[in-house]
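Colleague: Structure of the sequence below:
(chains A and B)
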Amino acid sequence: MSTVIRVDGIAKSYGEVRAVDHVSLEVGANECLALLGPSGCGKTTLLRLMAGLETPDAGTIAIDGADMTRTPPYGRPVNMMFQSYALFPHMTVADNVAFGLKQDRLAPSEVEARTKEALAAVELEALGARKPHQLSGGQRQRVALARCIAKRPKALLLDEPMAALDKHLRERTQLELLALRRRLGISFVVVTHDQDEAMTMADRIAVMDKGRILQIDTPRALYERPATQGVARFFGDINLWPSGLVVRPERIALSRASGDMEGVVIDIIYRGTATTYLVQTAELVVRVLRQNTGGDDDAQKGDKVFLSWPADAARMLSA
Amino acid sequence: MNVQAKTSLFAVWLWIGLVLLLPFAIVLKISFATAQLSVPPYGPPLTGANYAALVGDGLYVRAYLGSLRIALVSTALTLLLGYPMAYAIARAPVRWRQILLLLVVLPFWTSFLVRIYAWIGLLRPTGLINLVLESLGVIAEPLRLLNTDGAVYLGIVYAYLPFMVLPLYARLEKLDPALLEAAADLGARPWSTFLKITLPLSRPGVIAGCLLVFIPTVGEFVIPELLGGPDTLMIGKVLWTEFFTNRNWPMSAAVAVILLAVLVLPIMWFQAAQKEEARA
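Modeller: As a prediction, this is how the structure comes out:
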């Protein structure tokens, strides 16, 4: 897999705050990489460094094999979709999309053809003459997307692409973005604070905190083999023993007959597809998640039960 | 509409009627009267002769054109100076902006007349500028700075700059920085971003600032009177001369009526621009 963006030891501070603290990573061709972390973790700054909207204090950024550490944004073959979309309010939808093409001094016929093509890709051909304020939130997002892809960038940088959308629109839009990416064959770097979104969209996820990357891997590896308790907690529920032992609730089997650990059911939470059992053991209240597939011998509140789990489900993790 | 709203609307119309429409009606009436030696110095018969003189006498036409020219040039100069100032203030760190804006309006704390007289002190042959240039050996003879059109432009730009800077600042300060970043990201160099994004989006501020300078400048009297030369021909001076020196009230009333008519067009444009701004 060839590399489209290579970030090497990049650092950026604002006064005393180290927003990005010597981060290195690579974005592969045709890859979707998510930068995931709480607000203030430096993920947006890292994205802006890739776009050239911030200048790094240290480190280098290479795009498509060329060093672009000091290249201004207008010289970089990547485009950014802003969280607010940043559509030009005084221009029509078509003019917004054509703006970047005109900057490249393409022939008018070429500008027109590629504008149409980009608007068609996001199914907005009919709305080219509208102004941004006449569009819905979802339509605006698609204009912002069309404006970027019309430039045929090496990579598309998306800053919280779903943040301004209604909840019910998000999932559909995530899948649409994935389909579009496959069709166009360009790399995505997506900044998000939502682990579901990261897991849905990304081939790999870089989990960030305090300007550093805690772990970078596939969604499955991050969930099953987290490097730290923090990463484990970021993706779903965990049971954490004082010793540092971590077991996911769905990996624990519950039996009335036998098991490795003894406990008493103190509460049962029914959740439709699954049920969570809270089991008081010697050291802590363990959560056990059981799929409601039917036919199970249901434990009742107050029952004495035994817990067990396969060896590969238990991990010793540092904080 | 409730009673309170009706009352306040009535107050507005009463105010406009008493201090604007009624005086204008009186001026309009006087402009059609005939000048005579009496108190007040006009009387019947009604005549359009004043207006005929305005159009027929080249002096008046030249004075109107001179006023428009000086107002246009000084508005352009004020815009060229005021835009970068407003832009710089709008882009300054937030904690600086209030102080910088305060500095822009600071001259208003001193009397307008005093400030214009101060310029006389600076510009006259024995003034500060000439003294410094002479002592530095840059010039042998004092330059004629005062009583020139240049001094009038200087005075107008100086006096009206805040009226340009404030509406421009209000507009530029609202400009979303993400739009400029997006333009750069899409391949626009800084100058291109300015021409295609910043300037069009600040257009209502440009129009408001230009009219706030242009409209009062056309009728400006004090600055050309104090800083201008004998050949500085502006309609404000003509009006003054007709009224106080010639005591020709009907003539000066006609001059004022035509001045208003000349300004109605830009004022209507201003209104349209303000509506546009309210919509955006």
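
Colleague: Just confirm residue B:263 contacts residue B:217, I think it does.
Modeller: No: if you go by Cβ atoms under 8 Å, residue B:263 and residue B:217 don't touch, sitting 10.5 Å apart. Glycine gets a C-beta too; all of them are placed from N, C-alpha and C.

Colleague: ok so residue A:55 is a helix residue?
Modeller: No: judged by DSSP: H, G, I helix; E, B strand; the rest coil, residue A:55 forms no part of a helix; its state is coil.

Colleague: got the contact list for it?
Modeller: A:12, A:49, A:70 (Cβ atoms under 8 Å, 6 or more residues apart in numbering or on different chains).

Colleague: In JSON lines, list these along with secondary structure.
Modeller: Shown next, in JSON lines, are those (three-state DSSP):
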{"residue": "A:12", "secondary structure": "strand"}
{"residue": "A:49", "secondary structure": "helix"}
{"residue": "A:70", "secondary structure": "coil"}
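
Colleague: Now, of these, which are buried?
Modeller: A:12, A:49 (16 or more other Cβ atoms under 10 Å in any protein chain shown).

Colleague: Identify the residues contacting the most centrally placed residue in chain A.
Modeller: A centroid search over chain A (Cα atoms, centre = their mean) returns residue A:198, at 2.7 Å, as the residue closest to the centre. Taking Cβ under 8 Å, 6+ apart as the criterion, residue A:198 is in contact with A:34, A:36, A:190, A:192, A:205, A:219.

Colleague: and these, which of them are in strands?
Modeller: Counting by DSSP state E, these place A:34, A:36, A:190, A:192, A:205 in strands.

Colleague: Show me the one in the residues you listed that has more neighbours than the rest.
Modeller: residue A:36 (31 neighbours; other Cβ atoms under 10 Å in any protein chain shown).

Colleague: my guess is it meets residue A:201, correct?
Modeller: No: Residue A:36 is beyond contact range of residue A:201, at 10.4 Å (criterion: Cβ under 8 Å).

Colleague: Now the common contact residues for the two.
Modeller: Common neighbours of residue A:36 and residue A:201 (Cβ under 8 Å, 6+ apart) are residue A:192.

Colleague: residue farthest from the centroid of chain A?
Modeller: Distance from the centre of chain A peaks at residue A:257, with 42.3 Å (Cα atoms, centre = their mean).

Colleague: Need the pLDDT of that residue.
Modeller: Note on residue A:257: pLDDT of 83.

Colleague: same thing with residue A:150?
Modeller: 95.

Colleague: returning to that earlier point: what is the nearest of the ones in strands among the contacts of residue A:198 to residue A:233?
Modeller: Using Cβ to Cβ, residue A:36 is the member of the ones in strands among the contacts of residue A:198 that lies nearest residue A:233, at 12.8 Å.

Colleague: nearest spatial neighbour of that closest one, skipping sequence neighbours?
Modeller: Closest residue to residue A:36 apart from its sequence neighbours, by Cβ to Cβ, 6 or more residues apart in numbering or on different chains: residue A:198 at 4.5 Å.

Colleague: For chain A, give me the ranges with low pLDDT.
Modeller: A:1, A:295-297 (pLDDT under 70).

Colleague: let me fix that: the stretch 51-200 of chain B
Modeller: If you take pLDDT under 70 as the line, the stretch 51-200 of chain B has no such spans.

Colleague: Around chain A, which positions in it sit nearby?
Modeller: B:176, B:178-179, B:181-189, B:192, B:196-197, B:200 (Cβ under 8 Å from any Cβ of the partner chain).

Colleague: filter these to the buried ones?
Modeller: If we count by 16+ other Cβ under 10 Å, these have these buried: B:178-179, B:181-188, B:192, B:196-197.

Colleague: okay, those residues in TSV with secondary structure next?
Modeller: Supplementary listing: these in TSV, determined by three-state DSSP:
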residue	secondary structure
B:178	helix
B:179	helix
B:181	helix
B:182	helix
B:183	helix
B:184	helix
B:185	helix
B:186	coil
B:187	coil
B:188	coil
B:192	helix
B:196	helix
B:197	helix
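
Colleague: Going by distance to residue A:79, which of the ones in strands among the contacts of residue A:198 wins?
Modeller: Proximity of these to residue A:79 was ranked by Cβ to Cβ; the top entry is residue A:190 with 13.5 Å.

Colleague: residues in contact with that closest one?
Modeller: A:32, A:33, A:34, A:35, A:158, A:161, A:197, A:198, A:201, A:202.

Colleague: out of these, which are inside strands?
Modeller: A:32, A:33, A:34, A:35, A:158.

Colleague: circling back to that earlier point, who has more neighbours, residue B:263 and residue B:217?
Modeller: Neighbour count, other Cβ under 10 Å: between residue B:263 and residue B:217, residue B:217 has more, with 27 against 19.

Colleague: For chain A, see how far away that one is.
Modeller: Residue B:217 sits 29 Å away from chain A, going by Cβ to the nearest Cβ, to the nearest Å.

Colleague: Equivalent analysis for residue B:69, please.
Modeller: Residue B:69 sits at a distance of 32 Å from chain A (criterion: Cβ to the nearest Cβ).
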